[in-house]
Structures are given as structure tokens and as C-alpha cells.
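Novice: What follows is a predicted protein model with its sequence.
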Amino acid sequence: MLNNTIKIGDSEFLELRDIIYKQSAIVFVENKKYLLENRLSKRIQELNFSSFKDYIYYLKYDINCRKELDLMINLVTINETYFLRERPQLDHVVKVALPEIIAKGKKSIRIWSAACSTGEEPYSIAILIKEAGLQSKASIEIVGTDINSEVVEFARTGEYRSMSFRGAPNHFVPTYFKQDNVIYKLNDDIKHMVKFNVGNLTTLGIGTLMGKFDIIFCRNVLIYFDMDGKKKVIDMFYNTLNSPGYLYLGHSESVNKLSTSYTVNVFGGGIVHLKQ
Amino acid sequence: MSVTFSAVNDSVLIHISQEASDKDFGAVLESFNNIPSLKEVRIDMKDLVYIESEIQEQIVSIKKNVGAKSVHVVLLNVSESVYTTLEMADLLNLFIFKQDLSLYHIDELVYMFHNPDVANEISVYISSNYSPDFHNKMMEGANSEDSQVREHCILTMGRAQDSDATEVIRQGMDSVYPNVVRASILALGWLGDCESKERFFNFISSKDIEVAEAAGASISLVSDERDPEKLRKLSESENSNIRIIVAGTLSLINGDEAYAIIVKMLEKERNEQVRTVLVQRIAYFNKPDATEMLISMLDDSSKSVKEAAAAGLGRTGLRGHEDEVLKRINMEDVWLSYFAVKALGQNCSAKSAKYLKEIYNKSEEHLRLAIIEALSNAPSDMDNFFAERLFDSNEDIRKVTLSAIYKSNKKTAIAKSVKLLEDDPSWLVRYKALEIISIEKPAGYKKVLTKIKKKDNNRNIQEKIASVLGI
Amino acid sequence: MKNEMKNGKQLVSLSGEINAQTGAECKAFIIKLFDTANILVLSFDKVVYLNSSGLREIIDLLKNATKVKKELRLCDMSKDIREMFTFTGLEKVFKIYDTQAAALESK
């Protein structure tokens, strides 16, 4: 609070939006202007600037602008998450999707947490899988990716603070974490269930690079892409999924008309998009 | 009922639930006939998670039905998913999109506290429309196990100046969740809770930077004459984060005593990051001493300190020390020079103007930009200088020059804008020209804009023209 | 401090420094004017300095106004003064207008 929120002007917003899009394919629409103000004001003031105009000059003309562009993308793509977020979907994976896949005879299963941010989502899935005893029934590989290199680095450490555990049941932390002052360290056996990589979902060929998956989580991220970007990602996911394949989006998102290939299943507390 | 509506004066409010089907719309369309003076149709879509095509068609036909009478159709509280669907069907420009939080039930509003993107907006709305019902709900939420709900209920009560909640908010400072602690500290600062000041001081040493910053801010809001001394003691801490918070707090409290402490801190400080913050904060003091201190810092060995000093002069003003700033402009310290030029430019004297024109050609791109802006405040005639700059190969130079011309000579600026809007290769420049034309609305501007809209293929230009022409 | 009625609203022009002491004086002065209108517009045009203690008084003033259902509108703030409000995070709760005209005009 000791720093102010700097307001972004109209043409400044348009220009910055362009810069971000060119770097990352992420789109900031008009009504998300405030996100840029919130996420960049502190950085702008650190650099002694007092306006977005100055900052844009810095991004265009400074000798280290490449580095700053990366840092800026990291700042604007930070997404808050926490363990067991949108629990009904996670439960569906463990209680419905995985058992169905295993029942069809699959012994080797892959799960992709796309836009995993600081890692709470893939680690949550890992923990629930362990709790359900599914590890003995199949070999399950979990991969987390995010465009933001800093959060991926963070996720790899498996060290969290109390903020990440809001709403987690009482046994959760003591069972799976060791407390060290204000830091909670994830137990190794869970940590080793997840691998992390940096990646942008709209990069050409990312589907091929990632390989085939049985389950994909992509929650609250599609909102950052324009229509073309959304379609590209949804189609890429379809090609990346095995049959059956399960795609979970955020609870207020759906593929709608973006793709007619999926079957939409509504269950209590969520929606899953099925590739049959 | 899946589709309900009500009419108030010249406006109809329609609510659509997820279960609605096209049959439910009959009565609505009928109702329009009974309101001859209809000006606005508002459609509340807060309960639509996704939109079926038949419902989409109904909404479009509502627009068609009233569109002829130039009635606005406003879609309220539209979710991301529905927005995307409408976008794909290219229907966005048929409607106006707004948020109307008054249509939500209080429990729904509290639920939205889970979404960090909208939580603040909800909080501001509730605090601006505070009522006993809201008070009760917030009190309930302030005791919630859910840290996000608790955090935002506390912030809301603080914003609403709900002093009855003081004790409950104080308890928030005991939470294990830093976001709740931070919210409590902020809210208590807003409420002016002097009794909690002791705890605020303790929180300055919090490992959580956001909690520490909140503590510093709230101390300043409940400060009295004993606090500068307490802060001075804290300024001797070995922890650099604490020293940084202290610097910020002192600058908010302001005044002579605080200034003296900050200056002493700067004398002793060896940590570059802290020194930079101290210099930044000195700029918040409205004293001639501060300006002089900043000028002396222009020669500091640290790049970040020098730049902070130059930037700070933009805030304090030069107070006659123009010459000393002019001599520090150089081609190696590019950003220091940038800030220095900006500071000079606020009241650009003839002497500065002359000097800046002379160094223009040797300067780097962004320094040139600062120079042009500075010269737009120069006392003498810069017309020729600016005219030449409009041919520069750099788009930002052309854009900034156009702004500069606009400041001194509106007529010329308008004429140039019309031309640049037509043929400048950069959308940035064309957009600036468009902005000027939209404000000044010269004779025949509508025709010009209509013509440009047809041929310019930049989306930003097109959308701006559309909004100016109201299409 | 000067005040006048304009457009059915009470316009108060503040000037000089606003600190703990002068802030308290302002507050008392304006509270006395509560009976004269439902909307009170405070112009910061001639205010050269505002520190956190002064801000404290203005926050208190807001509290008093809300209690008796009076609306406060602030306007004509310099960038520095505006920043003092944004640091508290309360700038969204205060009704802040860019110009006096805008503050006096809207209903």
C-alpha cells in the first residue's frame, strides 16, 4: 500500500497490449486494464518512473529491454492459485475419470496441468491420487507447464506459505508437508510425482512436444487469449488427448462453439469436456 | 420463472436464468408495446454460465425489436464464457456491456470475494452502499474460516468506516493468514484505531512484506508527535526491509522532524537499495532542503541512487537550481539525463531550451523524446524545430512532436493531424492524430473519419473511430 | 477556507497546508455546514501540502458525513495530493472528481 496504483492512459494501454501480445500471444481486453495497473505499478515505481508512458519507452529503448520484457510478462501473467482449488473437479478426476481410464486397461496414464502457475494444482492432483490409492493401479505421470519462468521455478521447489492452504482440510498440511518456520515443504514422495516445464500454449508444435495425455487441466487461462488463440489451444488439446480424454476448464468457462468435437458432461460442481 | 421482467419509467429490466428456453420470452416482447417511451432494455445475465443458441437468438431479436426505435440494449453481468460466445458470433457491437452489482444477492456478492480479480470491486460497492444488512453479513464473514472471505469482509468494513466492527477486525491481526492480517491492519488504519498502533509497530518486522508495508501505512494514519522518535529507533535496525518501511512511513508523516530523520538515515546508510528508497522518499518533502539534497545526490556513485535523485527533482521542482541540473545531463547516464530533462521541462526556461536543442542530435532516442516534451513548454517559438521532427523515422518522435505542436498551436496541430491520420505508417502516430481530431472536431471531421475507417486496417484506429462516430 | 452554495451543493475551497491541526479545523468547519446541503464538494485547488495526519482528519470527516447521510465529493487535486489518497486504498471510497465542474454537475 505504500505504492500507488498508476493509471494507464488509453493509447498507453493499446500500445502495451500490443507489446504483450507480440511477446506472448496473451490478450488483455479493455475490461482487464486494471490488471495491468495492479501488476505493473510497483515495477514502474521501482524504476523511478511515474507513468506507463515512461515504462513503455523503457521497454522499447533501454539497452536491457529484452530482460525487462521477460520480467514484465512474468509480472502480468501471475495467477493466484492455492491447493485443492475448485475441489469438485479434482475429485472427479480421482473418483470418475481415472477409474474409467484404468478400467479400460490403461497402465500408463499422463496428466497435464496447463498454466500450472506456482504448482498447487498439479501437486493437489498428486496428493489426491495418493490418497485414493491409485498409484498401485497404474503408473501416473503429472506434468505442469506455465509461460511464466519464475512461477515454474517456484513450483519446482515445492515450498509454500500459509496462503496456499486456505480452505484445505485440517489433515492436509501435517500429512504432506514439513513446516519450517513460515515455509511448508512438500514431502519428496509427492514432489517426485510432478515434473515442470516452461511453455506457452499457443506455441506452434507444443502439442507434439508435450506428447499424448489422458487428462488435461486448463483452468482460468483461456480468458487471456483472443478467439483465435482460444480455438488454437482447444484444438491442440483435442489432438493431444487420448480416447477417452478428459479436459477440465475453469468452472465459468466452456468451449461452447469453439469446438464441437467434445462431449460436455455436467456433474455436481463442474463440467468436464470429454473426447470419446 | 426463467425469464422475468419489470418496467420502471422508461426502462425495462429482464432477468434470464440458466433454465430459460425461447418460449419464456413471449411475454417480454409483448411488454415493449406497452411502454411507448422506452429508452433502455437491460438484461441481467448474472446467472448464465453459458448461453444456448436459442437464448442468444432471443436476445438478438429483442435488440431487433427495439433497435429501430434507437433504444439501448444493455447486457448486465455477462460471464467470460457468454462474452466469448457473443464475440464469436460477431454480436458484440449490438449491445452495451455493463456490470450492475445491485442485482446480486448479498450472499452471491460475498461468494465473489473468492475471485481476486473482482473482490476489490465488490468490496468498494458494498462499502459505498452500506446498510445494516451488509454490516451483519460482513461481521459474519469477518469470522469466517475462509481466509479470502475474511480478508475482504474486513477490508469492506474498513472502507465503510464501520467502527462497530473494530474489535472483530482487531482479531484479524491474530490470523495465520498474511492476507487477513494485512487487511486488518489496513482497515484499522482507515478507522483511525490508535489503540492498535503498538501492534502496527511490531508488524513492521513481519517477514511478509505486504503486512509490513500495511503496518507502515497505518502507523502514518494514526501518528502523533511521539512516533517519529519511535521510527528513528527502528531506523537503526539491521534489517534493511525494516529501514525501507520506516523511510516510507516517515515520508507519509512528513514534516520537519521526519525529514531530519530521513536525512540522518541517508548519511549512515550503506545498502544501495535502501539508499535508493531514501532518496525517492526525500522527494516527497515539500522543502527547499529536499531539492538541494537531491541535487547533491546526482553525483552519487550508485546508478540507481542518481536516477532516483533525478526523478525526484521532477517531483520537487528545481527551485532555481537549473544550472546544476543542466550540467549533469550527459550521454552515459541515459536515464538520469532523461529524468533531468523531464524536471527541466516542467518550466522550460529559454536557457534550458537552447541547451536542449543543442544536444538533441547527439542524444539517444528516449532522451530525444524527453527533450521534445520539455521543449513543448519552452517560452520561445519551436515551430521550425517541431516541423522537422515530424519527418523523423522514429514513430515515438513523430507522435511526441505532434503532441508538442498541439500544445502551442492547435490550428497547426489539427491540420497536421488530418494529414498524418491519412498517411503516417505507424498506427501510434495515426492514433494520436485521431485523438486530436476527436477532441477538436474540426469542420468536416466526420467525413474524414468515415473515409479513414474504410481504408485503415489497424483495429485500434477502427474501434476509436467507431466510438467517436457513435456507430 | 471559503464556502459558497453552487448548484444546490455546498462548495468548500480548502487552501494551504492540511496537517493534524489544520485538518481538524477543516473538519469542524465542514461539519457545521452539513445542514446546508446534501452534497458537499471540497476543492483542493489551493492546497499545497497534505500529510497523513491531515488525511486522517479527512477520513474522519467522511465518516461523520456518512453517518448523517451526507455525500462528500473531492475535486481539483494535484497529482501529489491525489497520491496521498491512493496510498490508503481509500480513493475508491472517496468520490474524487477531476474537476470542480464535474463534481458540481453530476447528480
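Specialist: Structure received. Numbering: from 1, shown residues only, chains lettered A, B, ... in the order given.
Novice: Any idea how many residues pack against residue B:115?
Specialist: Look at residue B:115: counted by other CB atoms under 10 Å in any protein chain shown, it has 14 neighbours. Every C-beta, even on glycine, is put in place using the N, C-alpha and C of the backbone.
Novice: Oops, could you answer that again for residue A:145 instead?
Specialist: 22.
Novice: That one reaches residue A:195, doesn't it?
Specialist: No. Using CB atoms under 8 Å, residue A:145 makes no contact with residue A:195, being 9.4 Å away.
Novice: Pull the contacting residues for the nearest residue to residue B:335 once chain neighbours are set aside.
Specialist: Ranked by CB to CB, 6 or more residues apart in numbering or on different chains and with sequence neighbours excluded, the top spatial neighbour of residue B:335 is residue B:307, at 5.1 Å. Residues near residue B:307 by CB atoms under 8 Å, 6 or more residues apart in numbering or on different chains: A:48, B:333, B:335, B:336, B:339.
Novice: What helix or strand is whichever residue of chain B sits closest to chain A located in?
Specialist: In chain B, the residue that lies nearest chain A is residue B:311 (3.7 Å; CB to the nearest CB). Per DSSP states H and E: residue B:311 is located in helix B:303-316.
Novice: low-confidence ranges in the stretch 101-250 of chain A?
Specialist: For the stretch 101-250 of chain A, not a single residue meets the criterion pLDDT under 70.
Novice: residues in it within reach of chain B, list them.
Specialist: A:161, A:162, A:163, A:166, A:167, A:182, A:223, A:227, A:230 (CB under 8 Å from any CB of the partner chain).
Novice: The first one against residue B:178, yeah?
Specialist: Yes. At 7.4 Å, residue A:161 counts as touching residue B:178 under the criterion of CB under 8 Å.
Novice: The two: which is more packed in?
Specialist: More neighbours surround residue B:178 than the other of residue A:161 and residue B:178, with 21 against 14 (other CB under 10 Å).
Novice: For that one, list the residues it contacts.
Specialist: A:161, A:162, A:163, B:206, B:208, B:210, B:211.
Novice: For the fourth one, grab phi and psi.
Specialist: What that stands for is residue B:206. phi -60, psi 140 (degrees, to the nearest 10).
Novice: Does it touch residue B:212 like I think?
Specialist: Yes. When contacts are counted by CB under 8 Å, residue B:206 is listed as touching residue B:212 (4.7 Å).
Novice: Tell me where the stretch 301-450 of chain B has helices.
Specialist: B:303-316, B:322-326, B:334-345, B:350-359, B:365-375, B:383-389, B:395-408, B:410-423, B:427-440, B:445-455 (DSSP state H, counting those that start in this stretch).
Novice: again, but for chain A
Specialist: A:10-24, A:33-46, A:52-61, A:65-76, A:87-92, A:98-103, A:120-131, A:149-157, A:172-176, A:188-191, A:206-210, A:227-240 (DSSP state H).
Novice: Tally up the residues packed near residue 86, please.
Specialist: Here I'm looking at chain A. 19.
Novice: Oops, wrong one, chain C.
Specialist: 18.
Novice: swap in residue C:98?
Specialist: Residues lying near residue C:98 (other CB under 10 Å) number 11.
Novice: Just the pLDDT for it.
Specialist: Note for residue C:98: predicted pLDDT of 89.
Novice: doesn't residue C:75 make contact with it?
Specialist: Yes. Counting by CB under 8 Å, residue C:98 touches residue C:75, with 7.1 Å between them.
Novice: for the closest residue to residue A:241 other than its chain neighbours, what are its contacts?
Specialist: Nearest residue to residue A:241 in three dimensions, chain neighbours excluded: residue A:275, at 4.6 Å (CB to CB, 6+ apart). Residues near residue A:275 by CB under 8 Å, 6+ apart: A:238, A:241, A:242, A:243, A:244, A:245, A:246, A:247, A:261, A:262, A:263.
Novice: Excluding residues flanking it in the chain, which one is nearest the fifth one?
Specialist: Leaving aside its sequence neighbours, residue A:244 sits nearest to residue A:276 (CB to CB, 6+ apart; 5.8 Å).
Novice: on that earlier part again, most neighbours among the contacts of residue B:307, which one is it?
Specialist: Within the contacts of residue B:307, neighbour counts (other CB under 10 Å) peak at residue B:339, which reaches 27 neighbours.
Novice: Pull the number of nearby residues for the closest residue to it other than its chain neighbours.
Specialist: Counting by CB to CB, 6+ apart, residue B:339 lies nearest to residue B:310, which is 3.5 Å off, once chain neighbours are set aside. Using other CB under 10 Å, residue B:310 is surrounded by 28 other residues.
Novice: now do the same end-to-end measure for stretch A:184-201.
Specialist: 30 Å (CA to CA, to the nearest Å).
Novice: Contact partners for whichever residue of the stretch 101-250 of chain A sits closest to chain C?
Specialist: Residue nearest to chain C within the stretch 101-250 of chain A (CB to the nearest CB): residue A:163, separated by 19.2 Å. Applying CB under 8 Å, 6+ apart to residue A:163 gives the contacts A:82, B:147, B:177, B:178, B:179.
Novice: Also residue B:463?
Specialist: Counting by CB under 8 Å, 6+ apart, residue B:463 has no contacts.
Novice: Can you say which helix or strand has it in it?
Specialist: In the assignment (DSSP H and E), residue B:463 maps to helix B:459-469.
Novice: Measure how far that helix is from the centre of its chain, please.
Specialist: 23 Å (CA atoms, centre = their mean, to the nearest Å).
Novice: For that helix, what does the pLDDT average out to?
Specialist: The model assigns helix B:459-469 a mean pLDDT of 91.
Novice: Kindly report the same for stretch B:433-440.
Specialist: For stretch B:433-440, the per-residue pLDDT averages 96.
Novice: just the CA coordinates of it, formatted as PDB?
Specialist: C-alpha atoms of stretch B:433-440 as PDB (Å, rounded to 0.1, in the frame of the first residue of the first chain):
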ATOM      1  CA  ALA B 433      -3.700  12.400 -34.700                       C
ATOM      2  CA  LEU B 434      -7.100  10.700 -34.300                       C
ATOM      3  CA  GLU B 435      -7.300  11.700 -30.700                       C
ATOM      4  CA  ILE B 436      -6.600  15.300 -31.500                       C
ATOM      5  CA  ILE B 437      -9.200  15.300 -34.200                       C
ATOM      6  CA  SER B 438     -11.800  13.700 -31.900                       C
ATOM      7  CA  ILE B 439     -11.300  16.400 -29.300                       C
ATOM      8  CA  GLU B 440     -11.200  19.400 -31.600                       C
END
